[in-house]
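In: Pasting the sequence and the predicted coordinates here, then a few questions.
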There are 2 protein chains.
Amino acid sequence: MFSGLLSDLVQNLKKLPGIGSKSAQRLAMHIINIEKEKALELADSIRETVESYTNCSICNMLSETDPCRFCSDRSRHQNLLCIVENTQDVYLIENTNEFKGRYFVLNDLLSPIDGIGPDEINYPRLLELVKSDSIDEVVLALNPSAEGESTISFLASQFEKLKVKVTRLSTGLPFGGDIEYTSSLTLGNAFKRRYSVKEK
Amino acid sequence: MFSGLLSDLVQNLKKLPGIGSKSAQRLAMHIINIEKEKALELADSIRETVESYTNCSICNMLSETDPCRFCSDRSRHQNLLCIVENTQDVYLIENTNEFKGRYFVLNDLLSPIDGIGPDEINYPRLLELVKSDSIDEVVLALNPSAEGESTISFLASQFEKLKVKVTRLSTGLPFGGDIEYTSSLTLGNAFKRRYSVKEK
């Protein structure tokens, strides 16, 4: 349908998550339709951001600065470490205002079948950090998926050997969720982990 | 939630059609997460496309060349002119393989309330083209919306004065549509315009 540069742009846009052929075509048409300055601003914004972002040498998250603003913020609890899969999770957790410790980004989850072992999730560096920075509690803020659960089991067994407290995020019904549309695994777990209504 | 360049990128992505806050955040995180070369390729692709596209001086469509490939293709029916709202419509019509004439892109539809009159839809240039290129038939391929209908009425009345045949796209039930979910306006029109099942 499209040709030349426009077709290349459609192909490049299609590589973005959640963007199919139709959306990519609509976005490309929009980009050549709007004022040139607006579109070039978008191109420059992508280039500048990509060129400025790097992995924090301490926690591994993508950041404009190294160390990142969380690792360099001494007012955060230094002995409390939250382990997440990726940088976006850091932002999502920050949004809740419930955690004031430090972070460590694995960038992946264990999946032996895909050849992803401890080295691929930056475990050696994480272990070093937990030991040298005398971490008291490690919060495993990972998805309750197959890979998430294997990673939780592996990390928990390792850190428990070091006498570090290891916790994970609570599992159960999501707020606003509906029991009718909840999987029986989630519902069973919600029963097992039920708590007194007096608890906050 | 985000800061600095990343926040600017999110704002720039949010300006794209169909991209809300959540999608913009997910896209921005994806862009800084993928290989740098891939992301820079996207930035360059936007820049190059935007810088290369211009309006065809004959038909007004956005094109890498001037005149565009439709206006310079002498094998197309030179006396048959299809009038569309925007460049994307040209590609959508080409995809149907049902039209082999020329195009003219209005880039807008009449809307006196928004100050969009004949000059804003390039009517003077269109009139000149219809007269000088001895067009026999003008196909008004415009949306059957309020603005589309006013534009159809206006252009039809003008071209009929010149003894040019003026047609519009058929209206009725969309293929795959369901009568139950069709507006009564569309359904009434489909009754009024019903045709013999023997017609192709």
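Out: Looks like it came in fine.
In: residue contacts, residue A:130?
Out: A:81, A:138, A:159, A:162, A:164 (C-beta atoms under 8 Å, 6 or more residues apart in numbering or on different chains). For the C-beta atoms, the positions are set from N, CA and C on the backbone; glycine is no exception.
In: In helices, which of those residues fall?
Out: Among these, the ones falling in helices (DSSP state H) are residue A:159.
In: from what I can see residue A:144 touches residue A:172, true?
Out: No - in this structure residue A:144 lies outside contact range of residue A:172 using C-beta atoms under 8 Å: 10.2 Å.
In: Among the two, which residue is more densely surrounded?
Out: It is residue A:172, of residue A:144 and residue A:172, that has more neighbours when counted by other C-beta atoms under 10 Å in any protein chain shown, with 16 against 13.
In: helix/strand/coil for the more buried one?
Out: Three-state call for residue A:172 (DSSP: H, G, I helix; E, B strand; the rest coil): coil.
In: Was I right to think it contacts residue A:195?
Out: No - the pair formed by residue A:172 and residue A:195 falls short of the contact definition of C-beta under 8 Å, at 9.0 Å.
In: quick one on the thing from earlier: of the contacts of residue A:130, keep whichever come out buried.
Out: Restricting those to buried positions leaves A:81, A:138, A:159, A:164, with burial counted as 16 or more other C-beta atoms under 10 Å in any protein chain shown.
In: thinking again about what came up before, just the contacts of residue A:130 now: which is nearest chain B?
Out: The shortest approach to chain B among the contacts of residue A:130 belongs to residue A:81, at 21.3 Å (C-beta to the nearest C-beta).
In: Show the pLDDT at the most centrally placed residue in chain A.
Out: With the centre of chain A defined as its mean C-alpha position, the nearest residue by C-alpha atoms, centre = their mean is residue A:86, 2.7 Å away. In the predicted model, residue A:86 carries a pLDDT score of 91.
In: What count of nearby residues applies to residue A:39?
Out: Counted with other C-beta under 10 Å, the neighbours of residue A:39 add up to 23.
In: now swap in residue A:50 and tell me
Out: Taking other C-beta under 10 Å as the neighbour definition, residue A:50 ends up with a count of 22.
In: Run through the neighbouring helices and strands of the helix or strand encompassing it.
Out: Using DSSP states H and E, the secondary-structure element containing residue A:50 is helix A:36-52. If you count contacts as 3 or more C-beta pairs under 8 Å, 6 or more residues apart in numbering or on different chains; DSSP states H and E, helix A:36-52 packs onto helix A:21-33, helix B:4-14, helix B:21-33, helix B:36-52.
In: Run through who's touching the second one.
Out: Contacts of helix B:4-14 with the rest of the structure, by C-beta under 8 Å, 6+ apart, involve A:41-42, A:45-46, A:48-49, A:52-53, A:64, B:2, B:19-21, B:23-25, B:27-28, B:31-32.
In: Narrow those to those that are buried.
Out: Of all the contacts of helix B:4-14 considered here, the ones buried according to neighbour count by 16+ other C-beta under 10 Å are A:41-42, A:45-46, A:49, A:53, A:64, B:2, B:19, B:23-25, B:27-28, B:31-32.
In: And those residues, which is closest to residue A:151?
Out: Ranking the buried ones among the contacts of helix B:4-14 by separation from residue A:151, with C-beta to C-beta as the measure, puts residue B:32 on top at 22.8 Å.
In: if I pick the closest one, what's in contact with it?
Out: Contact partners of residue B:32, counting by C-beta under 8 Å, 6+ apart, are A:49-50, A:53, A:62, A:87, B:6, B:39.
In: Farthest pair within those?
Out: Between any two of the contacts of residue B:32 (C-beta to C-beta), the greatest distance is 14.5 Å, for A:87 and B:39.
In: Roughly how far does the residue nearest to residue A:111 when sequence neighbours are not counted sit from residue A:134?
Out: Take residue A:111 and drop its neighbours on the chain: the residue closest to it by C-beta to C-beta, 6 or more residues apart in numbering or on different chains is residue A:147, 4.9 Å away. With distances taken as C-beta to C-beta, to the nearest Å, residue A:147 is found 29 Å from residue A:134.
In: Look at these two and report which has more neighbours.
Out: Of the pair residue A:147 and residue A:134, residue A:147 is the one with more neighbours under other C-beta under 10 Å, namely 19 against 9.
In: ok but the more buried one is inside a helix, no?
Out: Yes - the assignment for residue A:147, made by three-state DSSP, places it in a helix.
In: before we move on, back to that, let me have the contacts of residue A:130 in a markdown table, extended by pLDDT and distance to chain B.
Out: Output for those, formatted as a markdown table (pLDDT from 0 to 100; distance: C-beta to the nearest C-beta, whole Å):
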| residue | pLDDT | distance to chain B |
| --- | --- | --- |
| A:81 | 95 | 21 |
| A:138 | 92 | 24 |
| A:159 | 92 | 27 |
| A:162 | 90 | 30 |
| A:164 | 90 | 29 |
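In: got the contacts of residue A:130 as JSON lines, with distance to residue A:72 columns?
Out: As requested, the contacts of residue A:130 are arranged in JSON lines below (distance: C-beta to C-beta, whole Å):
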{"residue": "A:81", "distance to residue A:72": "15"}
{"residue": "A:138", "distance to residue A:72": "21"}
{"residue": "A:159", "distance to residue A:72": "24"}
{"residue": "A:162", "distance to residue A:72": "25"}
{"residue": "A:164", "distance to residue A:72": "23"}
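In: Right, I'll call it a day here.
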